[in-house]
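**Q** Fold the following and give me the result.
(2 chains)
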Amino acid sequence: DTEVTQTPKHLVMGMTNKKSLKCEQHMGHRAMYWYKQKAKKPPELMFVYSYEKLSINESVPSRFSPECPNSSLLNLHLHALQPEDSALYLCASSQDATSVYNEQFFGPGTRLTVL
Amino acid sequence: KQEVTQIPAALSVPEGENLVLNCSFTDSAIYNLQWFRQDPGKGLTSLLLIQSSQREQTSGRLNASLDKSSGRSTLYIAASQPGDSATYLCAFTDSWGKLQFGAGTQVVVTP
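**A** This is a model prediction of the structure:
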């Protein structure tokens, strides 16, 4: 199984809502990533988890809160978002985050709209 | 910081023509090079990965080359089809293990 799955596919939320994005992989990968992608731009790295510990936070606002409950699951908790946070949120995984030779595999993304 | 440039930004070709997509980088200290395909509103599909010690990789109609000395990678797609229409992104893995993406080339293959 070489698939990364993400739910939901689409999410519309108000600025006062709390919601979560979910990501799952069953490739035995020990590194998982969250990216944000705006229209017609490349993905921007937000967070990296390595062996279920947060290893990189790219100065992301605290209204985004990542969580890695186990080696297969990655969540992104959303609270008090702004309209400019509307974007495609991509999850990825790789064998581990300590090697620079790992290939990253991406999920289909969650299209988030903040009203 | 590594700068990654993809030229052209957009490309339209008739079906059957070969596609040549270019990716250049400023720092030769790169590790992996990945080429991705992205359909509108969808995730990234990994097409090919070249490690820094390799010169090229091939998969079906796709061939990717890597020339570290000139700071370039090229993706060739032979005998293009309308289904090849998508945005193609190149990305390098830096010394932190992070992917550094180019802005992408939007490809349209007309029937």
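**Q** ok, how many other residues are close to B:Gly97?
**A** By the criterion of other Cβ atoms under 10 Å in any protein chain shown, B:Gly97 has 23 neighbours. C-beta coordinates here come from the backbone N, C-alpha and C atoms, glycine included.
**Q** Next one: it from A:Ile56, what distance?
**A** Remark: distance between B:Gly97 and A:Ile56 (Cβ to Cβ, to the nearest Å) = 9 Å.
**Q** Same question for B:Ser46.
**A** For B:Ser46 relative to A:Ile56 (Cβ to Cβ), the value is 20 Å.
**Q** Tell me how far the residue nearest in space to the middle of chain A lies from B:Thr93.
**A** Centroid-nearest residue in chain A, with Cα atoms, centre = their mean: A:Trp34, separated by 2.8 Å. According to Cβ to Cβ, A:Trp34 and B:Thr93 sit 17 Å apart.
**Q** distance of A:Phe64 from B:Arg37?
**A** On the measure of Cβ to Cβ, A:Phe64 and B:Arg37 end up 27 Å apart.
**Q** ok so, going back, list residues touching both of B:Gly97 and A:Ile56?
**A** A:48, A:97 (Cβ atoms under 8 Å, 6 or more residues apart in numbering or on different chains).
**Q** which stretches of chain B form strands?
**A** Under the criterion DSSP state E, chain B contains strands at B:4-7, B:10-14, B:19-25, B:33-38, B:44-50, B:56-59, B:62-67, B:72-77, B:86-93, B:99-101, B:105-110.
**Q** Would you mind putting those into a markdown table with distance to A:Cys91 alongside?
**A** Formatted as a markdown table, those follow (distance: least, Cβ to Cβ, whole Å):
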| stretch | distance to A:Cys91 |
| --- | --- |
| strand B:4-7 | 22 |
| strand B:10-14 | 28 |
| strand B:19-25 | 24 |
| strand B:33-38 | 14 |
| strand B:44-50 | 11 |
| strand B:56-59 | 24 |
| strand B:62-67 | 25 |
| strand B:72-77 | 24 |
| strand B:86-93 | 16 |
| strand B:99-101 | 13 |
| strand B:105-110 | 24 |
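**Q** want to throw these into TSV with mean neighbour count and mean pLDDT?
**A** Shown next, in TSV, are the strands of chain B (neighbours: other Cβ atoms under 10 Å in any protein chain shown; pLDDT from 0 to 100):
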stretch	mean neighbour count	mean pLDDT
strand B:4-7	18	93
strand B:10-14	13	95
strand B:19-25	19	95
strand B:33-38	23	96
strand B:44-50	19	94
strand B:56-59	13	95
strand B:62-67	18	95
strand B:72-77	20	96
strand B:86-93	24	94
strand B:99-101	23	92
strand B:105-110	17	97
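**Q** Could you dump those strands into CSV and include distance to chain A?
**A** Listed next are the strands of chain B as CSV, based on distance: least, Cβ to the nearest Cβ, whole Å:
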stretch, distance to chain A
strand B:4-7, 9
strand B:10-14, 10
strand B:19-25, 12
strand B:33-38, 7
strand B:44-50, 4
strand B:56-59, 11
strand B:62-67, 13
strand B:72-77, 15
strand B:86-93, 5
strand B:99-101, 4
strand B:105-110, 8
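**Q** Ok, which of these comes nearest A:Leu73?
**A** strand B:44-50 (20.2 Å; Cβ to Cβ).
**Q** and the closest one, which strands flank it?
**A** Partners of strand B:44-50 in the sheet, by DSSP bridges, are strand B:33-38 (antiparallel).
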